[in-house]
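Asks: I'll drop the sequence and a predicted model, then ask my questions.
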Amino acid sequence: MAADAHKKTLLIETQYFPNISFYKTLINYDHLLLEKFEHYQKLSYRNRCYIAGPNGRILLSVPLSRGKNQRTVTKDVRISNDERWQALHWKTLVSAYRRSPWFEYYEDEMGLLYEKPVSFLLDWNMLCFEWANKIIGVNTPVSFTDEYHKTYEVAGINDMRDIIRPEEKEVEEDTVRYTQVFQDRVGFLPDLSILDLIFCEGKRSLELIK
């Protein structure tokens, strides 16, 4: 891809309902370039996200047809639909957020999202990403890589592939703060999936990220 040197492009991997750090980074760029020709990397946000639960962070993980150790190009990574993972994820989201201020507002639309049949992880991640972007008002243009490069030495492209990792985070000075559903029980959990912010703050989400 030839980048416009006058515009800033973020290059990053596709993620399942990206966390707040992803969005805090994204809003500083004019364009998003998603990597789809890399080999799948395990232990990343590519097929997982974290939400808040009554006992702390809850992991939502999309099962893959060849497991987490596959060396498949991202665009070809298939989801294992042998188990009803979408129903399980949706049930978990309902249980965690039914008392949140904005869950009822988005419940019907999001419930339909989790009923959509999907075979490839990239397709699922994009459905989730586009839904979240629509809700919070992010309109950054998106494109995909057309081949794999280990490094990018192109003016205007910031390569952040595998920089945002799912390690447990500490509350830092620039952490996006808001009232979470179970905060009185487990304390504030920083840098969860964008879903947590959406269900707790709704239309204020983008304002808080900025």
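Replies: Noted; the coordinates are in hand.
Asks: pLDDT score for Lys68?
Replies: You'll see Lys68 listed with a pLDDT of 54.
Asks: run the chain-centre distance for the host helix or strand of Asp184.
Replies: Element membership of Asp184 [criterion: DSSP states H and E] is helix 183-186. Per C-alpha atoms, centre = their mean, to the nearest Å, the displacement of helix 183-186 from the mean C-alpha position of its chain is 24 Å.
Asks: keeping just the C-alphas, turn that helix into PDB.
Replies: Presented in PDB, the C-alpha positions along helix 183-186 are these (Å, rounded to 0.1, in the frame of the first residue of the first chain):
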ATOM      1  CA  GLN A 183     -16.700  -1.300  40.500                       C
ATOM      2  CA  ASP A 184     -17.900  -1.300  44.100                       C
ATOM      3  CA  ARG A 185     -17.000  -5.000  44.300                       C
ATOM      4  CA  VAL A 186     -13.900  -5.500  42.300                       C
END
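Asks: what is the very next helix or strand once past it packed up against?
Replies: Downstream of helix 183-186, the first helix or strand assigned by DSSP H and E is helix 194-201. Applying 3 or more C-beta pairs under 8 Å, 6 or more residues apart in numbering; DSSP states H and E, one finds that helix 194-201 contacts helix 20-26, strand 48-53, helix 85-97, helix 103-113, helix 121-136, helix 205-209. The way it works is simple: take the backbone N, C-alpha and C, and place the C-beta from them, glycine included.
Asks: hmm, who's touching helix 194-201?
Replies: Here helix 194-201 makes contact (C-beta atoms under 8 Å, 6 or more residues apart in numbering) with 17-20, 22-23, 49, 51-52, 93, 97, 100-103, 106, 132, 135-136, 176, 178-181, 189, 205, 208-209.
Asks: in the chain, where is pLDDT below threshold?
Replies: 1-7, 67-70 (pLDDT under 70).
Asks: the residue most central in space within the chain and Lys150, how far apart?
Replies: Central residue of the chain (C-alpha atoms, centre = their mean): Pro18, 1.6 Å from the mean position. Here Pro18 is placed at a distance of 23 Å from Lys150 (C-beta to C-beta, to the nearest Å).
Asks: still on that earlier bit, and the residue lying closest to the residue nearest to the centre of the chain once chain neighbours are set aside, how many neighbours?
Replies: Excluding its sequence neighbours, the residue lying closest to Pro18 (C-beta to C-beta, 6 or more residues apart in numbering) is Ile194, at 5.9 Å. Using other C-beta atoms under 10 Å, Ile194 has 26 neighbouring residues.
Asks: just confirm Ile12 is within a strand.
Replies: Yes. According to DSSP: H, G, I helix; E, B strand; the rest coil, Ile12 belongs to a strand.
Asks: surely it and Tyr29 touch.
Replies: No. Counting by C-beta atoms under 8 Å, Ile12 stays clear of Tyr29, with 9.7 Å between them.
Asks: mind checking which of the contacts of helix 194-201 are buried?
Replies: By neighbour count, with 16 or more other C-beta atoms under 10 Å, the contacts of helix 194-201 hold 17-20, 22-23, 49, 51-52, 93, 97, 100, 102-103, 106, 132, 135-136, 176, 180-181, 189, 205, 208-209 as buried.
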